[in-house]
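predicted model, plus sequence, below.
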Amino acid sequence: MIVAFSVAPSGGPAATSDGSVHDAVAAAVRVVRESGLPNRTSSMFTEIEGEWDEVMGVVKRATEVVGEYGTRVSLVLKADIRPGHTGEIDGKLERLEAALGE
């Protein structure tokens with residue numbers, strides 16, 4: 001499965017004077033990267049690929065670490081659940097690029 005998620009704190013001193021929550025987001029991305037699972041981070045979401053329990057465990061830990069930056073956490077999650085398929089975090093993009101090149 002691939003999960004795309006975004007997590008951010010609120011209700012505390014988490015944001016900088018310009019409203020940025022980059023320190024909290026960096027803490028979440030660090031959890032994802034340390035998991036060893038295939039992952040990718042963009043300006044809006046982090047994607048992670050693996051089995052259900054391992055992916056959801058990483059999302060939970062990332063959410064918990066962001067919770068240390070505020071009194072409330074917002075989590076947005078989208079999942080592509082396709083049993084028996086691996087390597088799709090790259091495979092989906094490769095197929096898209098191939099289709100665009102045709």
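Cool, got the structure. Numbering: from 1, shown residues only.

surely Asp23 meets Tyr69?
Yes: assessed by Cβ atoms under 8 Å, Asp23 is found in contact with Tyr69 at 6.9 Å. Bear in mind the C-beta positions are built from the backbone N, C-alpha and C, glycine included.

compare those two and say which is more crowded by neighbours.
Tyr69 (21 against 13; other Cβ atoms under 10 Å).

surely the more buried one and Ala24 touch.
Yes: the pair Tyr69 / Ala24 is scored as a contact, 3.8 Å apart, by Cβ under 8 Å.

how many neighbouring residues does the residue nearest to His85 when sequence neighbours are not counted have?
Among residues not flanking His85 along the chain, Gly91 sits closest, at 7.9 Å (Cβ to Cβ, 6 or more residues apart in numbering). Gly91 has 13 neighbours, counted by other Cβ under 10 Å.

shouldn't Gly91 be within a strand?
No: Gly91: not assigned to a strand; according to DSSP: H, G, I helix; E, B strand; the rest coil it is helix.

which parts of the top helix by length along the chain are buried?
Secondary structure assigned by DSSP state H gives helix 52-67 as the longest helix of the chain. Using 16 or more other Cβ atoms under 10 Å as the burial criterion, the residues of helix 52-67 that qualify are Val55, Met56, Val58, Val59, Ala62, Thr63, Val65, Val66, Gly67.

distance of the most centrally placed residue in the chain from Ala99?
Centroid check for the chain by Cα atoms, centre = their mean gives Thr46 as the closest residue, at 2.9 Å. Per Cβ to Cβ, to the nearest Å, Thr46 is found 25 Å from Ala99.
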